[in-house]
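# I'll drop the sequence and a predicted model, then ask my questions.
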Amino acid sequence: MTDRVQLEVEATDVVRVVLQFLKENGLSASLAALQEESGVPLNATDNVDGLVADVLAGHWDSVLATVGPMRLPQPLLADLYEQVVLELLELRELDTARQLLRGAPPLVALRKTQEKRFARLESLAARPYFEPKDAYADGSSRENKRAYLADALRSEVQSVPPARLLSLLGQALKWQQHSGSLPTGARFDLLAGGAAARVAEAETCAASTSPSLFVNRDCIYI
């Protein structure tokens, strides 16, 4: 008698796989809603080393785009956006820095929780010059802050391969084919749990001109 191996899958891992699928297909509203309702953050990317390299190089547009959908700790987000503002001030990108101060959620939260720290940023943004020793206290520097943020993000963000949902489904279907429960070459209906039936539909004109949502539905070949 062959012993059966039991595998346990955490429900939160299932949610994260779905979250990754939503992110990769540009379903940002659904991604945010599922994270909010489930309380499970994605906090994953297919290349953590790339994220760290962007932080160390100061490629903040790429960094913010990557961490935007994540649910990172508020203190880390405050540190991250504070550094972005400081580097914008150093580059004399004053309008962009002020826009972040007024509108970025982590900085809006900082204004409510740490008034003196936020007021210091506003004071630096109002100056006609940038002085590193005023921006970085206690002997710190731009490079030191970047290194700190890189290490902090590495500890919070998980590296996962892309398209995990489709990969797992493909592996499951291959096993069903291997065990004989799925005919070779059959198109599988995931929802019905069997071979897809062919349905002949008459061609008709569209009855509505409302915009449609197109999702990248990659096929699974077995």
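Done, it's in.

# what's the distance between the residue sitting nearest the centre point of the chain and A29?
Nearest to the geometric centre of the chain sits P69, at 4.1 Å (C-alpha atoms, centre = their mean). Distance from P69 to A29, counting by C-beta to C-beta, to the nearest Å: 11 Å. In this view, the C-beta of every residue, glycine as well, is placed from N, C-alpha and C.

# V15 too?
17 Å.

# neighbour count winner among the two?
V15 (18 against 9; other C-beta atoms under 10 Å).

# OK, contacts around the more buried one?
34, 38, 40 (C-beta atoms under 8 Å, 6 or more residues apart in numbering).

# and the first one, what pLDDT?
Spelled out, it's L34. If you check L34, the pLDDT there is 94.

# helices or strands up against the strand or helix carrying it?
Secondary-structure assignment from DSSP states H and E places L34 in helix 28-38. Helices and strands touching helix 28-38, as assessed by 3 or more C-beta pairs under 8 Å, 6 or more residues apart in numbering; DSSP states H and E, comprise helix 11-24.

# could I have the helix it packs on exported to PDB, CA atoms only?
Taking C-alpha atoms only, helix 11-24 is exported to PDB below (Å, rounded to 0.1, in the frame of the first residue of the first chain):
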ATOM      1  CA  ALA A  11      -5.100  30.000   3.100                       C
ATOM      2  CA  THR A  12      -3.100  33.200   3.100                       C
ATOM      3  CA  ASP A  13      -0.800  31.700   0.500                       C
ATOM      4  CA  VAL A  14      -3.800  31.100  -1.700                       C
ATOM      5  CA  VAL A  15      -4.800  34.700  -1.300                       C
ATOM      6  CA  ARG A  16      -1.300  35.900  -2.200                       C
ATOM      7  CA  VAL A  17      -1.300  33.800  -5.400                       C
ATOM      8  CA  VAL A  18      -4.600  35.400  -6.400                       C
ATOM      9  CA  LEU A  19      -3.200  38.900  -5.500                       C
ATOM     10  CA  GLN A  20      -0.200  38.300  -7.700                       C
ATOM     11  CA  PHE A  21      -2.500  37.400 -10.600                       C
ATOM     12  CA  LEU A  22      -4.500  40.600 -10.100                       C
ATOM     13  CA  LYS A  23      -1.400  42.700 -10.000                       C
ATOM     14  CA  GLU A  24       0.100  41.100 -13.100                       C
END
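
# Under the pLDDT cut-off, which ranges of the protein? List them.
Along the chain, segments meeting pLDDT under 70 span 1-6, 185-186, 193-222.

# quick one: the helices in it?
11-24, 28-38, 48-57, 60-67, 74-90, 94-103, 105-113, 115-126, 132-135, 142-156, 164-178 (DSSP state H).

# who touches the helix holding L34?
12, 15, 18-19, 22-23, 40-42, 69, 71.

# What residues of that helix count as buried?
31, 34-35 (16 or more other C-beta atoms under 10 Å).

# from those residues, which single one is nearest K133?
Q35 (40.1 Å; C-beta to C-beta).

# Pull up the gap between the closest one and T184, please.
In terms of C-beta to C-beta, Q35 sits 39 Å off from T184.

# Test my guess that P73 contacts L153.
No. P73 is beyond contact range of L153, at 10.7 Å (criterion: C-beta atoms under 8 Å).

# so what sits against both of the two?
By C-beta under 8 Å, 6+ apart, no residue touches both P73 and L153.

# Comparing those two, which shows the higher neighbour count?
Remark: of P73 and L153, L153 carries more neighbours, 23 against 10, as counted by other C-beta under 10 Å.

# what sits against the more buried one?
With C-beta under 8 Å, 6+ apart, L153 has these contacts: 48, 51-52, 55, 67, 72, 76, 80.

# I'm done for today, thanks for sticking with me.
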